[in-house]
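# Sequence and predicted structure are below.
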Number of protein chains: 2
Amino acid sequence: MANEKKIDCVLLGLLSHEELTGYEIKKRMDTTLNFFWSASYGSIYPALNDLVNRGLATKREDTNSKRNKQIYTITENGRDYLKKWLSLPVEKDELRYETLLKLFFGSESGEEQALIHIEAFEKKIQEALPYLLHAETILNKVLNEDAAHKYYLLTVEFGIKTYQTYLEWCREAKKLLAGG
Amino acid sequence: MANEKKIDCVLLGLLSHEELTGYEIKKRMDTTLNFFWSASYGSIYPALNDLVNRGLATKREDTNSKRNKQIYTITENGRDYLKKWLSLPVEKDELRYETLLKLFFGSESGEEQALIHIEAFEKKIQEALPYLLHAETILNKVLNEDAAHKYYLLTVEFGIKTYQTYLEWCREAKKLLAGG
DNA sequence: AGCTTAATATATCAGATTGATATATTATAC
DNA sequence: GTATAATATATCAATCTGATATATTAAGCT
């Protein structure tokens, strides 16, 4: 019970809003959930089939489209399963930053190398932040149109605040490197 | 080349400072690296044996101790391998927060549930932050004793800044939840 | 001394996940 | 007309986690 596969819960969560194909699910994850969760096709497609086998979702072919398109819909059992998982305590929040790992061992490779990693990190964050700020603007406009928007905004605010802090840290880290 | 196993690099990084047993490595990771990297015994022990087979580390039994204790030492090849990895660009920085995932789907379970997850997160961070602040104090004192300390401090400052931001977000998130 | 619990120490494995690769069709741009 | 990008699904080796098993030694208590 405590060990529901995370991928199942993400899929059901996304399907709880709307019917989706595996491909669309992957796209949603790569845009909206990207900064705090990710999944690969190698886990999405098998998990979707598994959801159907367990009666948590149904699958139908899209007859409108000429493509080989499987549309997945959440069932009542699926909705119950999702709600149950949402009510359980969080098992794990994990940050896994290779940048910090390389920095931690920085004395083996020297200041120049460390600086390169900090600046690459800084650039990556600077590029990602505008998307979050844009999402914030949109969500604030449509906040009252859907109860879900408030919860999306909550996660976006998390991203904005932490990314801004990352950029602050980059500036201070560069100073510490140079002056220490 | 671009795909060195991360576990190998962490092990070599830790061994580059001092000789260690698998158990000691796990302890170091659970304390020092914990907030930005983690590894399980199931990856540590096989990887250590693998490092020995590839000539990147040597293994010897501790004859002083009565225990079944294997001490691992980095070789010159191991040091080269580590340096090479440190010079390569970072492949992936990943944040995987189940708390944000559950919050994102919060409209399915309601405000009370969301509040519970935020407060559990807040508590976890409040408990972890003092350890980072303590590490900061210590490292600032011994900063000039070892070139590596500056790099440790860099990662600790990252942790402190982001954790403080997390706590700030928790307060605002609770307000947004209640008032929205 | 004797007993219990915590800490030290290594090993293994099922299950979950990634990242890469393969394959094919349809829409878009030039 | 044709090259390229986007849509769509599937599969698999390699990796890693979390759990479990096993055993020894140190520390605390009475």
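Good, I have the coordinates. Numbering: from 1, shown residues only, chains lettered A, B, ... in the order given.

# shaky segments in chain A?
Chain A contains residues with pLDDT under 70 at A:1-3, A:180.

# For it, what lies in contact range of DNA strand C?
By CB under 7 Å from any atom of the strand, the part of chain A that sits against DNA strand C consists of A:5-7, A:38-43, A:47, A:66-68. C-beta here means a position set from N, CA and C on the backbone, and glycine is covered the same way.

# Which of those are buried? Put it as a PyMOL command.
Applied in PyMOL, the following selects the buried portion of the residues of chain A next to DNA strand C according to 16 or more other CB atoms under 10 Å in any protein chain shown:
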select buried, chain A and resi 6+7+38+39+43+47
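
# Could you dump the residues of chain A next to DNA strand C into a markdown table and include secondary structure and distance to A:E76?
Below are the residues of chain A next to DNA strand C laid out as a markdown table (DSSP: H, G, I helix; E, B strand; the rest coil; distance: CB to CB, whole Å):
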| residue | secondary structure | distance to A:E76 |
| --- | --- | --- |
| A:K5 | coil | 20 |
| A:K6 | helix | 22 |
| A:I7 | helix | 21 |
| A:S38 | coil | 29 |
| A:A39 | coil | 24 |
| A:S40 | coil | 29 |
| A:Y41 | helix | 28 |
| A:G42 | helix | 29 |
| A:S43 | helix | 25 |
| A:A47 | helix | 19 |
| A:K66 | coil | 32 |
| A:R67 | coil | 29 |
| A:N68 | coil | 28 |
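
# State the pair within the residues of chain A next to DNA strand C that is farthest apart.
Maximum pairwise distance among the residues of chain A next to DNA strand C (CB to CB): 34.0 Å, between A:K6 and A:K66.

# And chain B, is the helix ranked longest in chain A touching that?
For chain A, the helix that runs over the most residues, judged by DSSP state H, is helix A:147-179. Yes - judged by CB under 8 Å from any CB of the partner chain, helix A:147-179 comes into contact with chain B at A:147-148, A:150-155, A:157-158, A:161-162, A:164-166, A:168-169, A:172-173, A:176-177.

# Please indicate which of those residues are buried?
Using 16+ other CB under 10 Å as the threshold, A:148, A:150-155, A:157-158, A:161-162, A:165-166, A:169, A:173, A:176-177 are the buried ones among these.

# Please verify my assumption that A:A57 contacts A:Q70.
No - using CB atoms under 8 Å, A:A57 makes no contact with A:Q70, being 10.6 Å away.

# Tell me which of those two has more neighbours.
Neighbours per residue, other CB atoms under 10 Å in any protein chain shown: of A:A57 and A:Q70, the larger number sits with A:A57, 25 against 17.

# how about the nearest residue to that one, chain neighbours excluded?
Leaving out its chain neighbours, the residue that sits closest to A:A57 by CB to CB, 6 or more residues apart in numbering or on different chains is A:L51, at 4.1 Å.

# Setting aside sequence neighbours, what's the nearest residue to A:Y72?
For A:Y72, ignoring the flanking residues on the chain, the nearest one in space by CB to CB, 6+ apart is A:A57 at 5.0 Å.

# With A:L15 instead?
Closest to A:L15 by CB to CB, 6+ apart is A:I74, at 4.1 Å.

# now that neighbour: how far from DNA strand C?
Distance, A:I74 to DNA strand C, by CB to the nearest atom of the strand, to the nearest Å: 18 Å.

# what sits against that residue?
Neighbour list for A:I74: A:12, A:15-16, A:56-57, A:82 [criterion: CB atoms under 8 Å, 6 or more residues apart in numbering or on different chains].

# what about 7 Å?
A:I74 sits next to A:12, A:15-16, A:57 when contact means CB atoms under 7 Å, 6 or more residues apart in numbering or on different chains.

# ok, now how distant is whichever residue of chain A sits closest to DNA strand C from DNA strand D?
Chain A approaches DNA strand C most closely through A:G42 (2.2 Å), counting by CB to the nearest atom of the strand. From A:G42 over to DNA strand D the distance is 3 Å, taken as CB to the nearest atom of the strand.

# Among the residues of chain A next to DNA strand C, which one sits closest to A:R28?
Closest to A:R28, out of all of the residues of chain A next to DNA strand C and judged by CB to CB, is A:A39, at 10.3 Å.

# how does chain A divide into domains?
A:6-87, A:98-179 (automatic domain parsing).

# now those domains as TSV including distance to B:E136?
Output for these, formatted as TSV (distance: least, CB to CB, whole Å):
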stretch	distance to B:E136
domain A:6-87	26
domain A:98-179	12
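
# For chain A, just list every one of the strands.
Assigned strands in chain A, in chain order: A:57-61, A:70-74, A:93-97 (criterion: DSSP state E).

# helices and strands around the last one, which ones?
Packed against strand A:93-97, as judged by 3 or more CB pairs under 7 Å, 6 or more residues apart in numbering or on different chains; DSSP states H and E, are the following elements: strand B:93-97.

# Against B:H134, how distant is A:A114?
Distance, A:A114 to B:H134, by CB to CB, to the nearest Å: 24 Å.

# more neighbours, the two?
Applying other CB under 10 Å to A:A114 and B:H134 shows that A:A114 carries more neighbours, namely 24 against 11.
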